[in-house]
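1. pasting the sequence and the predicted model now:
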Amino acid sequence: MPLKFKKPLNRVILWLAIIAVVAVVGWFGFKVLTVEGNYSLDEKMARVFGWGITEASDEEVPESFRITSEDEKDEDEVEEEPALDLKPITQAPTNNCTAKYGNLMLVNPNYTVEEDFIAARRSELISLNATYGIRELNAWNGDNLMDTEAGTHLNEMLTAYETEYPGHEMQTVSCFRSVGTSCGRLCMPTGASDHHTGLACDLVDATYGTSLDSSLYEQHPDWQWLRDNSYKYGFVDRFPENWAGGSMDEPMNVDENGTTGLFETWHYRYVGVDFANEIATGKYNNGEYDSLEHYLKARGLADDLAAGTCK
């Protein structure tokens, strides 16, 4: 015989179940409605119940997890020309607009410097002989002075040469000059010489002769070595043959195209390792050795090479 309290007990259990279901549904409903963010109802439910999110907008997806389309990749992966970190080599005032380019400074008949600049620059240089024991071949040229940074790299370069050629010594035949010279096309008047920068030296191994004559290039393993290796130490062939603009019998021609009008197989100029690599490998000259003039024009640093202006 069934107990009398069975039916009331079933009702209690049923009501408790209904209350529990309502409570659970209400709790989840509250959780869904209180999800922060501008999400749809489906997205809110997905976050509460742990379901996958299938239609989230780009704005709501963290950047680190965003999937980039192929078109976006092409745009993002376009490499821009790195900004040039250029510092003036001197604070001496000058009207030469390239002075602000530091080791890339141009001094030629179109980009000149004043005598006050030359005097101030001289006071900033070190003696290569006193500092590194690098000898000046012609005593009448005086002390071989050079920029501190350039001198450090020159010493490394000449040490490397002398290691490769035991018993040989590379010497300077003129570095910084306070005044210009007058010896025809290969010389520059005061204010127009690359030697005023404190970054240039004429170099020669006396074993192969001391005459600075480009026609003797094949007889000079020292000049050939410099051509092949100098860029590793931040130096470049300042007046390469392919930018000479003709034979040395023709008038000087420092023109708008970057032609220097000179061909000197002994004259090396410090510009810094990174720039020297780009110049020597012809990054802006179809793979051919570049002139410093053309390089500055190609990099957008010089405006009119013939007029001596910058951008």
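-> All right, it came through fine.

2. and the helices in the stretch 1-150 of the chain?
-> Assigned by DSSP state H, counting those that start in this stretch, the stretch 1-150 of the chain shows helices spanning 6-33, 41-49, 70-76, 115-122, 128-132, 148-164.

3. give me phi/psi at residue 204?
-> Main-chain dihedrals, residue 204, degrees, to the nearest 10: phi -160, psi 150.

4. quick one: end-to-end distance for stretch 226-240.
-> 12 Å (C-alpha to C-alpha, to the nearest Å).

5. what does that stretch contact?
-> Here stretch 226-240 makes contact (C-beta atoms under 8 Å, 6 or more residues apart in numbering) with 103, 150, 153-154, 156-157, 160-161, 194, 200, 203, 260, 262-265, 267-273, 275-277, 279-281, 289-292. Quick note: C-beta positions are derived from backbone N, CA and C, even for glycine.

6. among the residues you listed, which ones are in strands?
-> 200, 203, 264-265, 267-270 (DSSP state E).

7. bridging residues for residue 174?
-> Beta bridges link residue 174 to residue 202 when assigned by DSSP bridges.

8. that older thread, just curious, which of the ones in strands among the contacts of stretch 226-240 is nearest to residue 311?
-> Nearest to residue 311, judged by C-beta to C-beta, of the ones in strands among the contacts of stretch 226-240 is residue 269 at 22.0 Å.

9. what's across from that closest one in the sheet?
-> residue 200, residue 236.

10. for it, give me the pLDDT.
-> Residue 269 is assigned 98 on the pLDDT scale.

11. tell me the contacts of it?
-> 194, 197, 199-200, 235-236, 238, 292.

12. thinking again about what came up before, show me which pair in the ones in strands among the contacts of stretch 226-240 is furthest apart.
-> 265 and 270 (17.1 Å).

13. quick one: the helices in the stretch 201-311 of the chain, in order.
-> Here the stretch 201-311 of the chain has its helices, by DSSP H, counting those that start in this stretch, at 221-229, 273-280, 292-298.

14. make a markdown table from those helices and add mean pLDDT to it.
-> Listed next are these as a markdown table, based on pLDDT from 0 to 100:
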| stretch | mean pLDDT |
| --- | --- |
| helix 221-229 | 97 |
| helix 273-280 | 97 |
| helix 292-298 | 96 |
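
15. so which of the ones you listed is the most packed in?
-> Greatest average neighbour count among the helices of the stretch 201-311 of the chain goes to helix 292-298 (a mean of 22), per mean count of other C-beta atoms under 10 Å.

16. which residues does it contact?
-> Residues outside helix 292-298 that contact it (C-beta under 8 Å, 6+ apart): 98, 101, 104, 106, 108, 236, 238, 243, 254, 257-260, 269, 271, 275, 278-279, 284-285, 290, 302, 305.

17. please apply the same query to stretch 150-162.
-> So stretch 150-162 is contacted by 103, 126, 128, 131-132, 134, 146, 168-170, 198-199, 201, 203, 205, 222, 225-226, 229-230, 232-235, 270, 273 (C-beta under 8 Å, 6+ apart).

18. in ChimeraX, select just the buried ones from those residues.
-> In ChimeraX, a selection of the buried entries from the contacts of stretch 150-162 looks like this (16 or more other C-beta atoms under 10 Å):
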select :103,126,128,132,134,146,168,169,170,198,199,201,203,205,222,225,226,230,233,234,235,270
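
19. and of the ones in strands among the contacts of stretch 226-240, the nearest to residue 87?
-> residue 270 (14.1 Å).

20. what sits against that closest one?
-> 103, 147, 149-150, 153-154, 199-200, 234-235.

21. now render these as CSV, adding distance to residue 14.
-> Shown next, in CSV, are those (distance: C-beta to C-beta, whole Å):
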residue, distance to residue 14
103, 91
147, 97
149, 92
150, 96
153, 93
154, 99
199, 97
200, 102
234, 91
235, 96
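
22. please tell me how far residue 19 sits from residue 123.
-> Distance of residue 19 to residue 123, computed by C-beta to C-beta, to the nearest Å: 95 Å.

23. actually, residue 104.
-> Taken as C-beta to C-beta, the span from residue 104 to residue 123 is 22 Å.

24. again with residue 211
-> Residue 211 is 33 Å from residue 123, where distance means C-beta to C-beta.

25. same question for residue 258.
-> Distance from residue 258 to residue 123, by C-beta to C-beta: 32 Å.

26. centre of the chain versus stretch 235-247, how much separation?
-> Stretch 235-247 has its C-alpha centroid displaced from the chain centroid by 22 Å (C-alpha atoms, centre = their mean, to the nearest Å).
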